[in-house]
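Asker: what follows is a protein structure lacking sequence information:
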């Protein structure tokens, strides 16, 4: 039995916001983080607010960019041919979360709100320039995903607020993306390090836009903005990639954990950024 | 609420029970219904021994609240065979020697069943990926994979 709690089951966003404000309850989506924490009594909550009865938080559409409800499970992106083709890094992130059972239950919105430094969906969403639509008792506001995290497991969500939707601009023609997840074993493991890249090439094959996100490389998922700026107008030759690996290493602030030492993570940041950029470039050229 | 009366369909039978909201579906199946074929291994979504199929989808029943089964259809290992007559997938496990201690087998069979229903023509890589959330600590994976490939072949009518 889980540590005892009171369960609330709102059916509208407004109702959920009101309940969160009044009870200070914990919002529950797929439960693949929250219930895991509660088993064995590691985490306790007086009140859980199960959002799964709120239809407005479900489903996604791709008419103008990608607009998905916070309750969209990872599995839906894993099984969408369109996501795989257009938002390749997001497909790669979502299809490597946990196991099929976990991806069927666990939601992308939950992955974001859990705010783990290692979250597989967050790096890809950062490089696609995603924006969070937040609903609260006082209305809605939009916050860029890059400003959503305030620390490990901490977000900007206020007392009455919840993540409603995520808006992802459509990748332009001539772009490519990739996500590399480094783990000790191939299945059921958290990223020891994650690198996400998105590049847009001009007609001559030079980099017009580059975005790089690092996960498990700092207390929150981060963008490697120094390296991104350096890349504009360049081609990915060995000299440029050498510079890039030094620049990303400077922006990474990994910690040592039982999974890996900080030193090893820095080496991974260098090497995996180079590999992931190359893969994104190949995809932008239509070669991979 | 701290308790709720639910009506769940498990293996085709409707059960009505009043249960605490903090009870997991795995506990409900084992302790309320006596369906102990569903195993609890890690109790945190890592091992897959508690996998059941809920409304067509395999899930870790240790990470599902029992109250969520209200109005849902749950299939456990007890509902896979027809009494003593094994489901062909179970027979495939036996024929391939895919069972050692047997603790992972119920979850493995249910994950495999959902996998084949979704994709009756899986590659070996897809089968391996498909069962990544089911741990066999006897490490008899190769024969489990053989069993699933054989059953998929049979479902397709190749043999």
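Answerer: Cool, the structure landed. Nothing here was measured: the structure is a model prediction, and the numbers come from that model. Residues are numbered from 1 along each chain as shown, chains lettered A, B, ... in the order given.

Asker: leaving out sequence neighbours, find the closest residue to the closest residue to chain B within chain A.
Answerer: Taking C-beta to the nearest C-beta as the measure, chain A has residue A:99 as its residue closest to chain B, at 2.1 Å. Where C-beta positions appear, they are placed from N, C-alpha and C, glycine not excepted. Excluding its sequence neighbours, the residue lying closest to residue A:99 (C-beta to C-beta, 6 or more residues apart in numbering or on different chains) is residue B:133, at 2.1 Å.

Asker: what's near enough to touch that neighbour?
Answerer: A:98-102, A:187-188, B:45-46, B:48, B:51, B:60, B:111 (C-beta atoms under 8 Å, 6 or more residues apart in numbering or on different chains).

Asker: Three-state assignment for the residue nearest to residue A:246 when sequence neighbours are not counted, please.
Answerer: In space, and not counting its chain neighbours, residue A:246 is closest to residue A:270: 7.5 Å by C-beta to C-beta, 6+ apart. With DSSP: H, G, I helix; E, B strand; the rest coil as the basis, residue A:270 sits in helix.

Asker: show me the strands in chain B, by range?
Answerer: Counting by DSSP state E, chain B has these strands, from start to end: B:3-10, B:13-20, B:51-54, B:57-60, B:73-75.

Asker: quick one: end-to-end length of stretch B:18-37, please.
Answerer: With C-alpha to C-alpha, to the nearest Å as the measure, stretch B:18-37 spans 22 Å from end to end.

Asker: give the buried residues for that stretch.
Answerer: For stretch B:18-37, burial by neighbour count (16 or more other C-beta atoms under 10 Å in any protein chain shown) applies to B:19-30, B:32-33, B:35, B:37.

Asker: same question, stretch B:102-113
Answerer: Using 16+ other C-beta under 10 Å as the test for burial, stretch B:102-113 gives B:103, B:104, B:105, B:106, B:107, B:108, B:109, B:110, B:111, B:112, B:113.

Asker: for residue A:250, state which of these is nearest.
Answerer: residue B:111 (44.0 Å; C-beta to C-beta).

Asker: wait, the closest one touches residue B:131, no?
Answerer: Yes. Judged on C-beta atoms under 8 Å, residue B:111 makes contact with residue B:131 at a distance of 5.6 Å.

Asker: what's the burial count for residue A:135?
Answerer: A count of nearby residues for residue A:135, using other C-beta atoms under 10 Å in any protein chain shown, gives 21.

Asker: nearest spatial neighbour of it, chain-adjacent residues omitted?
Answerer: Residue A:135 sits nearest to residue A:164 (C-beta to C-beta, 6+ apart), 4.3 Å away.

Asker: and the residue positioned nearest the centre of chain B, what does it touch?
Answerer: Residue closest to the mean C-alpha point of chain B, counted by C-alpha atoms, centre = their mean, is residue B:110 at 3.1 Å. Listed by C-beta under 8 Å, 6+ apart, the contact set of residue B:110 reads B:51, B:52, B:53, B:58, B:75, B:76, B:77, B:80.

Asker: phi, psi of the spatially closest residue to residue A:165 that is not a sequence neighbour?
Answerer: Counting by C-beta to C-beta, 6+ apart, residue A:165 lies nearest to residue A:133, which is 4.3 Å off, once chain neighbours are set aside. In this entry, residue A:133 is assigned phi and psi values of phi -100, psi 120 (degrees, to the nearest 10).

Asker: I'd assumed residue A:162 was in contact with residue A:133.
Answerer: No. Using C-beta under 8 Å, residue A:133 is not in contact with residue A:162; the gap is 10.2 Å.

Asker: those two: which is more packed in?
Answerer: residue A:162 (23 against 16).

Asker: is it true that the more buried one touches residue A:70?
Answerer: Yes. Residue A:162 is within contact range of residue A:70, at 7.3 Å (criterion: C-beta under 8 Å).

Asker: list residues touching both of these two?
Answerer: Common contacts of residue A:162 and residue A:70, defined by C-beta under 8 Å, 6+ apart, comprise A:51, A:113.

Asker: show me what the helix ranked longest in chain B packs onto, helices and strands only.
Answerer: Taking DSSP state H as the assignment, the helix of chain B that covers the most residues is helix B:141-156. Applying 3 or more C-beta pairs under 8 Å, 6 or more residues apart in numbering or on different chains; DSSP states H and E, one finds that helix B:141-156 contacts helix B:88-96, helix B:105-118, helix B:124-130.

Asker: do you know which of those helices lies nearest residue A:281?
Answerer: Across the helices and strands packed on helix B:141-156, the minimum distance to residue A:281, taken as C-beta to C-beta, is reached by helix B:124-130, at 25.8 Å.

Asker: contacting residues around that closest one?
Answerer: Helix B:124-130 is contacted by residues A:100, A:187, B:111, B:112, B:115, B:119, B:122, B:141, B:145, B:148, B:149, B:152 when judged by C-beta under 8 Å, 6+ apart.

Asker: could you rerun that using 10 Å?
Answerer: Helix B:124-130 has contacts (C-beta atoms under 10 Å, 6 or more residues apart in numbering or on different chains) with A:95-96, A:99-100, A:186-187, B:58, B:111-112, B:114-116, B:118-119, B:122-123, B:141, B:144-149, B:152.
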